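[1] Quick one, what's the 3D model for this:
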Amino acid sequence: MERTLIIFKPDAVMRGIVGEVLTRFEKAGFKVVGAKMVRPDYDHFHKHYEGIGSLKTRKGEDIFEKQVANMQVGPVIAMVLEGVDAIDTVRKMVGPTEPKSALPGTIRGDYAHVSYDQANASGRSISNILHASATPDEATQEIEHWFNSSELYEYEAVHEIFTQPKSSQ
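    Residues are numbered from 1 along each chain as shown. A predicted model of the protein is given here:
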């Protein structure tokens with residue numbers, strides 16, 4: 001099984017759509033193995049977006065600072081999901097970073113419509129509901145950054161219990 005980090009950004013939390021979006025992941029067969037609501041400081045987001053994600057290096061100081069400021073307007077909910085091909089499948093479910101480019105049926109396509117041009121014109125970063133790890137290495141680093149091992153749980157979901165072959169006695 002593979003694990004990935006998702007972060008419900010302040011726009012998702014403040015709009016009250018976390019449960020609705022989480023349901024989509026659970027219906028797809030992903031298990032929540034860690035969850036918490038937090039309000040991280042600048043340094044925490046700096047490590048997440050630059051230390052792990054290299055956002056400032058890739059996109060520049062202005063975009064980086066806008067993103068960190070946007071993430072600090074309210075609390076976020078960080079979760080670790082577990083399942084088969086979790087990283088790639090969750091990314092497909094979430095859709096492209098720019099919600100305007102996201103197809104209907106993806107989370108960003110269904111819940112956001114902001115474009116890069118609109119965000120730039122307003123002097124803000126793009127509000128796009130969720131962060132999702134992009135690669136296995138990124139997922140590992142992000143999960144370790146957001147969660148202690150004692151905050152992650154191993155358990156069998158009901159569908160796992162009833163789909164496994166019975167052991168012979």
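[2] so what's Leu81 closest to, chain neighbours aside?
    Sequence neighbours aside, Phe30 is the residue nearest to Leu81 in space, at 4.3 Å (criterion: CB to CB, 6 or more residues apart in numbering). C-beta: built from backbone N, CA, C; applies to glycine.
[3] my guess is Met37 contacts Val76, does it?
    Yes - taking CB atoms under 8 Å as the contact criterion, Met37 and Val76 are neighbours in contact, 7.3 Å apart.
[4] overlap in contacts of these two?
    Between them, Met37 and Val76 have Val13 as joint contacts when contacts are counted by CB atoms under 8 Å, 6 or more residues apart in numbering.
[5] Under the pLDDT cut-off, which ranges of the protein? List them.
    Counting by pLDDT under 70, the ranges of the chain that qualify are 115, 167-169.
[6] which stretches of it form helices?
    Listed from the start of the chain, the chain has helices (DSSP state H) covering 10-15, 18-27, 42-46, 55-59, 61-71, 86-94, 107-111, 116-122, 136-146, 158-163.
[7] Can I get the ones you listed in TSV including mean neighbour count and distance to Val80?
    Formatted as TSV, these follow (neighbours: other CB atoms under 10 Å; distance: least, CB to CB, whole Å):
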stretch	mean neighbour count	distance to Val80
helix 10-15	18	17
helix 18-27	15	11
helix 42-46	15	16
helix 55-59	14	21
helix 61-71	18	18
helix 86-94	19	9
helix 107-111	21	17
helix 116-122	14	28
helix 136-146	17	6
helix 158-163	9	17
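[8] and of those helices, who's closest to Met1?
    Comparing these against Met1 with CB to CB, the closest turns out to be helix 86-94 (7.5 Å).
[9] That closest one packs against which elements?
    Secondary-structure packing of helix 86-94 (3 or more CB pairs under 8 Å, 6 or more residues apart in numbering; DSSP states H and E): strand 2-8, helix 18-27, helix 107-111, strand 130-132, helix 136-146.
[10] what does the last one contact?
    In this case it means helix 136-146. Outside helix 136-146, the residues within contact range by CB under 8 Å, 6+ apart are 2-5, 7, 34, 44, 47-48, 52-53, 78, 80, 86-87, 133, 152.
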